[in-house]
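1. no sequence on this one, just coordinates:
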C-alpha cells in the first residue's frame with residue numbers, strides 16, 4: 001500500500017511520464033539517506049523521479065565509472081539533500097550529551113559516513129543495521145544508548161507520539177555536514193538536471209519527496225516495532 005501511494009503521488013509531484021530512450025546509467029552511494037528498508041530509500045526514488053521528469057529511462061550502474069549520473073557526496077551538481085548527523089536517545093535514562101556515549105553502543109545504518117566520526121570523536125561502539133528504520137528500532141529494543149542518523153529525520157521522529165519515550169535529540173554536528181548532489185558526465189544533461197532541481201526546490205516538490213521518505217522511515221519503524229526480532 002505504501003509503494004502504491006508513492007507511485008500515485010509521483011505524477012502529481014514530478015510531472016510528465018518517461019519516453020522510450022537509451023537508459024541513463026546512474027551510480028548510487030553505498031550509504032543512502034532516509035532508508036526505510038534494506039532496499040528502499042530516498043535516493044532510488046529521487047533517481048526514478050529524475051528519469052520521469054527528464055523523460056528518460058534509468059538503470060543503476062554496477063560501477064561508478066560507467067555512470068552517466070552520480071548521486072551522493074560530490075563537489076559539483078545541484079544539492080538534493082543536506083545531511084547533518086545528530087542522535088536520538090531515551091527521554092528517561094538516555095545520554096544527555098555526546099560525551100556520555102564514551103564506551104557505549106550506538107545504533108547506526110551500515111556504511112554510514114558518521115560511524116568513524118562518532119567512534120573517533122566520542123570513543124563510542126557502533127552497532128550497524130541494514131536501514132535507518134532498523135537502527136531506530138535498535139534503540140527501542142535497548143541495543144544501544146542512542147541512534148545516530150540525519151538530524152531532520154530524527155527531529156521528525158521525536159515529534160511522533162510513539163517515540164515519546166525516545167524523543168531526546170542531541171545537538172547536530174554541523175562540521176560533519178554532507179552536501180549530497182546530482183552530477184552528470186554530460187554538460188547538456190547536467191544543465192537539464194540543474195534546471196530541474198532548481199524548479200523542484202522553488203515549487204516545494206523536492207521537499208515533498210524528502211518528507212515522503214521521512215514518513216516512510218517512520219512507518220516502517222512503526223511496523224518493525226511489532227515484528228522485528230533482533231535476538
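-> Good, I have the coordinates. Computed from a predicted structure; not experimentally measured.

2. please count neighbours and contacts with C-alpha atoms only from this point.
-> Will do.

3. by mean pLDDT, flag the weakest helix or strand of the chain.
-> Evaluated with mean pLDDT, DSSP states H and E, the helix-and-strand set of the chain has its lowest mean pLDDT in helix 2-14, which scores a mean of 48.

4. spatially central residue in the protein, please.
-> Averaging the C-alpha coordinates of the chain gives a centre point, and the residue nearest to it by CA atoms, centre = their mean is residue 33 (1.6 Å).

5. can you confirm that residue is in a strand?
-> No: if the criterion is DSSP: H, G, I helix; E, B strand; the rest coil, then residue 33 is coil and not within a strand.

6. wait, it touches residue 44, no?
-> No: under the criterion of CA atoms under 8 Å, residue 33 is not in contact with residue 44, lying 10.2 Å apart.

7. in space, what's closest to residue 46 - neighbours in sequence excluded?
-> Closest residue to residue 46 apart from its sequence neighbours, by CA to CA, 6 or more residues apart in numbering: residue 209 at 7.7 Å.

8. list the buried residues of the helix or strand containing the one you found.
-> Using DSSP states H and E, residue 209 maps to helix 205-227. Of all the residues in helix 205-227, those buried under the rule 16 or more other CA atoms under 10 Å are 205-206, 209-218, 220-222, 225.

9. same check, this time on stretch 132-148
-> By neighbour count on 16+ other CA under 10 Å, the buried set for stretch 132-148 is 132-140, 143-148.

10. what does stretch 27-46 give?
-> For stretch 27-46, burial by neighbour count (16+ other CA under 10 Å) applies to 27-28, 31-37, 40-46.

11. can you check stretch 48-68 too?
-> Neighbour counts over stretch 48-68 (16+ other CA under 10 Å) mark 48-58, 60-61, 64, 67-68 as buried.

12. residues in contact with residue 114?
-> Counting by CA atoms under 8 Å, 6 or more residues apart in numbering, residue 114 makes contact with 85, 148-149, 176.

13. could you dump those to a markdown table with distance to residue 99?
-> Supplementary listing: the contacts of residue 114 in a markdown table, determined by distance: CA to CA, whole Å:
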| residue | distance to residue 99 |
| --- | --- |
| 85 | 15 |
| 148 | 14 |
| 149 | 17 |
| 176 | 16 |
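
14. I'd like the distance from stretch 105-115 to the chain centre, please.
-> 13 Å (CA atoms, centre = their mean, to the nearest Å).

15. so which of the buried residues of stretch 132-148 sit within helices?
-> Among those, the members falling in helices are 132-140 (criterion: DSSP state H).

16. out of the residues you listed, which comes closest to residue 100?
-> The shortest distance between residue 100 and any of those, using CA to CA, involves residue 139 and amounts to 15.6 Å.

17. just the pLDDT for the closest one.
-> With respect to pLDDT, residue 139 scores 97.

18. cool, and residue 65?
-> Per-residue confidence at residue 65 stands at 84 (pLDDT).

19. looking at this, it is in a helix?
-> Yes: according to three-state DSSP, the state of residue 65 is that of a helix.

20. distance of it relative to residue 27?
-> 8 Å (CA to CA, to the nearest Å).

21. do the same with residue 106
-> Look at residue 106 and residue 27: by CA to CA, they are 29 Å apart.

22. next: residue 169.
-> Taking CA to CA as the measure, residue 169 falls 33 Å from residue 27.
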